[in-house]
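Participant: Model the following, please.
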Amino acid sequence: MPNNNDHNIHTCEMHLCADPEIVSIINVADITQTSVRVSWSKGQTQVVSSITVYYRATTTWTSVSPSSHSTAYTVSTLQPGTQYYFYVKIVSYGKYSTSDTITMTTGKFSQLLYVCLPIIILHFFRFWFTYLNICENCNTFCKINP
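Facilitator: Next up, the predicted model:
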């Protein structure tokens, strides 16, 4: 005749050995030139021993380990205008679950600023030296008559 205590132990062992529910990345948000916020769902997994966010732009994966209670992490120090791949791994009771890999691209620095800023500065100084001068009589800016 089976012992009730044996049955409880068996049930507990089955629970401990169960795979964590599938983790999924549900959002990438707040994408800037150098950072992105990655969020995920832990499903019904009650006890999480570790969460690791993996990301790469080339062939080498980088990992960060946020708190096991978190559902989001901001990855910073990324390169502007670069495509990155992300996935999340959750470990529970020695078993793990990984999300699908997602792709995103960081923002680019404004090329318009790099092209226009020198032109704006050049025109400012051209205007300054061509049309304005400090008047010797009143010590203010006066228009120079060409």
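Participant: How are the helices of this protein distributed by residue range?
Facilitator: Counting by DSSP state H, the chain has these helices, from start to end: 4-17, 111-131.
Participant: Might you list the low-confidence residue ranges for this protein?
Facilitator: Counting by pLDDT under 70, the ranges of the chain that qualify are 1-22, 24-25, 109-118, 123, 125-146.
Participant: what residues go with each domain of it?
Facilitator: Partitioning the chain according to automatic domain parsing yields domains covering residues 4-105, 111-143.
Participant: buried sites along stretch 73-90?
Facilitator: 73, 75, 78, 84, 86-90 (16 or more other CB atoms under 10 Å). The way it works is simple: take the backbone N, C-alpha and C, and place the C-beta from them, glycine included.
Participant: What separation do you get for Y85 and V91?
Facilitator: Y85 sits 20 Å away from V91 when distances are taken as CB to CB, to the nearest Å.
Participant: now do S67
Facilitator: Spatial separation of S67 from V91 under the definition CB to CB is 13 Å.
Participant: Give the intersection of the neighbour lists for the two.
Facilitator: Residues touching both S67 and V91 (CB atoms under 8 Å, 6 or more residues apart in numbering) are I51.
Participant: And the buried residues of stretch 73-90, which is closest to T98?
Facilitator: Within those, distances to T98 taken as CB to CB reach their minimum at K89, with 4.8 Å.
Participant: Write down the beta-bridge partners of the closest one, one by one.
Facilitator: Under DSSP bridges, the beta-bridge partners of K89 are T52, T98.
Participant: in terms of contact, does it touch T52 like I think?
Facilitator: Yes - taking contacts as CB atoms under 8 Å, K89 lies within contact range of T52: 4.7 Å.
Participant: Please name the nearest non-neighbouring residue to T62.
Facilitator: Y55 (5.7 Å; CB to CB, 6 or more residues apart in numbering).
Participant: check contacts around the one you found.
Facilitator: Going by CB under 8 Å, 6+ apart, Y55 touches 38, 61-64, 75, 84-86.
Participant: Nearest to I102 among these?
Facilitator: Minimum distance to I102 across the contacts of Y55 is 5.3 Å, recorded for F86 (CB to CB).
Participant: Go ahead and confirm the closest one touches V53.
Facilitator: Yes - using CB under 8 Å, F86 makes contact with V53 at a distance of 6.7 Å.
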